[in-house]
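Novice: predicted structure and sequence below. I'll ask about it afterward.
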Amino acid sequence: MGRRPGSTTPVQVTVVEDGGARVRPDQLATEEPMEIRVAAVGERRSVAVTMRTPGADFELAAGFLFSEGVVAGREGIRSIRYCLDRDVEPDQRYNVVTVELAGPALPALETMERHFVTSSACGVCGKSSLEALQLRAGPVAGGPQVGAGTLHRLPEELRRAQGVFSSTGGLHAAALFTPDGGLVAAREDVGRHNAVDKLVGWALLEGRLPLSGHVLVVSGRSSYEILQKAVTAGVPMVCSVSAPSSLAVDVARAFGVTLVGFLRDGRFNVYAGEGRVSSPR
C-alpha cells in the first residue's frame, strides 16, 4: 500500500548561536503533491495537482471541486477514496485521491474557467477574470454583525487552533468562527488556499453549506483564490492578518463580502462591506 505521509517530517538541523553550533532534531511541515481525479461510469480524469500538507485530503478534494464548480453540492459526490490503481506507484497511493461523481458522465471540464494545475504558493494558475466568477456565483446573502472586539480576538484563537504550526512554524491556517468568536473548525496546510479548500470540503461533506453565518479567518494575506472560495461557499466575512490583493478587494466589493485585513495588534482595516462590522464597545 505504501507509506501514508504525515503532516510533519522529522529532520536534523544544525543550530548556530552564541558562537557555537549544535545538532538537534526538528520538525518540518510536510509538503507533498496530491493529484485529484474525478470518475464517473466508465470515465476517469485527472483535474488537479496541488502541493499540500497531508491530512484532510478528502476534504481538500471536495472543497476544491466545489469551489471550482465541478460539483454543486454534497449530492454530486458518490464517494471519495485514495487511488489503488495499478498506474500509481505504491509509495504515491496516498497522494492520489479519486472523487467518484454521482452523475452518469463527467462534466465538460475543458469548458471550466481554470486550468487545473495548482501549487501551494500561488493557487490555481491561468485564472480567468472576475466576470467568469460572476457566471456561477451571486452576491453573498445577509451575514451577521460582528463586533470589533470579537474581531480583535480571532487571530489569537486561530493561532491556538494551529496544532501542526506549533511544532513546525511553517504552516498556514484557515478557520471558521461564529459571529461571537466561537471556533467552528480549523484546517492547516502549506498553502492558504488549500487550508480554505479543506474547510469548504468539510462543510460540504457535513451538509453545512452555505456558510452564511460564519467568519473566515486566514493566516497571511487575502488573495483572489481566498475570496473566490469564500464566495462560492457563501461566507459573508473574510479576515486576514495581512494585506489583501487588489483583486481580492474587487471580488469582495462585487459580491458583497466584508473584507478585513491587517487584523493584528489591536487594529484592522475594512476594505469592503463595512456595514457588518460593529463599532468597538
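Specialist: Received it, and whenever you're ready, just let me know what you need.
Novice: mind checking the SS state of the residue most central in space within the chain?
Specialist: With distances taken as C-alpha atoms, centre = their mean, Val196 lies nearest the centre of the chain, 1.7 Å away. What DSSP: H, G, I helix; E, B strand; the rest coil gives for Val196 is helix.
Novice: so how far is Val41 from it?
Specialist: Separation of Val196 from Val41 (C-beta to C-beta, to the nearest Å) stands at 31 Å. C-beta coordinates here come from the backbone N, C-alpha and C atoms, glycine included.
Novice: circling back to that earlier point, quick one, what contacts the residue nearest to the centre of the chain?
Specialist: Contacts of Val196 were listed using C-beta atoms under 8 Å, 6 or more residues apart in numbering, and they are 63, 174, 187, 216, 218, 225-226, 229-230.
Novice: flag the shaky bits of the stretch 51-200 of the chain, pLDDT-wise.
Specialist: Residues of the stretch 51-200 of the chain that meet the criterion pLDDT under 70 lie in 85-88, 90-91, 109-130, 132, 135, 163-170.
Novice: tell me the helices in the stretch 101-250 of the chain, going along the chain?
Specialist: Read by DSSP state H, counting those that start in this stretch, the stretch 101-250 of the chain holds these helices, from start to end of the chain: 130-134, 148-160, 163-168, 192-205, 224-233, 246-255.
Novice: out of those, flag the one nearest Ser212.
Specialist: Closest approach to Ser212 among these (C-beta to C-beta): helix 224-233, 9.2 Å.
Novice: what is the mean pLDDT for the closest one?
Specialist: The average pLDDT for helix 224-233 rounds to 92.
Novice: helices or strands next to that helix in the packing?
Specialist: Helix 224-233 sits against helix 57-67, strand 123-124, helix 192-205, strand 215-218, strand 237-240, helix 246-255, with contacts defined as 3 or more C-beta pairs under 8 Å, 6 or more residues apart in numbering; DSSP states H and E.
Novice: possible to save these as JSON lines with distance to Thr178?
Specialist: Conversion of the helices and strands packed on helix 224-233 to JSON lines gives the following (distance: least, C-beta to C-beta, whole Å):
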{"stretch": "helix 57-67", "distance to Thr178": "20"}
{"stretch": "strand 123-124", "distance to Thr178": "27"}
{"stretch": "helix 192-205", "distance to Thr178": "14"}
{"stretch": "strand 215-218", "distance to Thr178": "8"}
{"stretch": "strand 237-240", "distance to Thr178": "11"}
{"stretch": "helix 246-255", "distance to Thr178": "21"}
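Novice: nearest to Arg159, out of those?
Specialist: Go through the helices and strands packed on helix 224-233 one by one with C-beta to C-beta and the one that ends up closest to Arg159 is strand 215-218, at 10.1 Å.
Novice: strands paired with the closest one, and their directions?
Specialist: Each strand that pairs with strand 215-218, with its direction, by DSSP bridges: strand 172-177 (antiparallel), strand 237-240 (parallel).
Novice: got the domain boundaries for the protein?
Specialist: Residue ranges for the domains of the chain, per automatic domain parsing: 32-129, 146-278.
Novice: right, so the ones you listed: which one is the most enclosed?
Specialist: domain 146-278 (a mean of 21; mean count of other C-beta atoms under 10 Å).
Novice: quick one: end-to-end distance for that one.
Specialist: This stretch, domain 146-278, spans 6 Å end to end (C-alpha to C-alpha, to the nearest Å).
Novice: so for stretch 246-265, what's the average pLDDT?
Specialist: 90.
Novice: distance between the ends of that stretch?
Specialist: Across its full length, stretch 246-265 reaches 23 Å end to end, with C-alpha to C-alpha as the criterion.
Novice: if we can go back for a sec, nearest to Gly138, out of the helices and strands packed on helix 224-233?
Specialist: By C-beta to C-beta (comparing all of the helices and strands packed on helix 224-233), the closest turns out to be helix 246-255, at 7.6 Å.
Novice: next, the angle from the closest one to helix 224-233.
Specialist: Angular relation of helix 246-255 and helix 224-233 on a 0 to 180 degree scale: 20 degrees, by axes from the mean of the first three to the mean of the last three C-alpha atoms, to 10 degrees.
Novice: please renumber so the chain begins at 27
Specialist: Let's use 27 as the start, then, which means that last one is helix 272-281.
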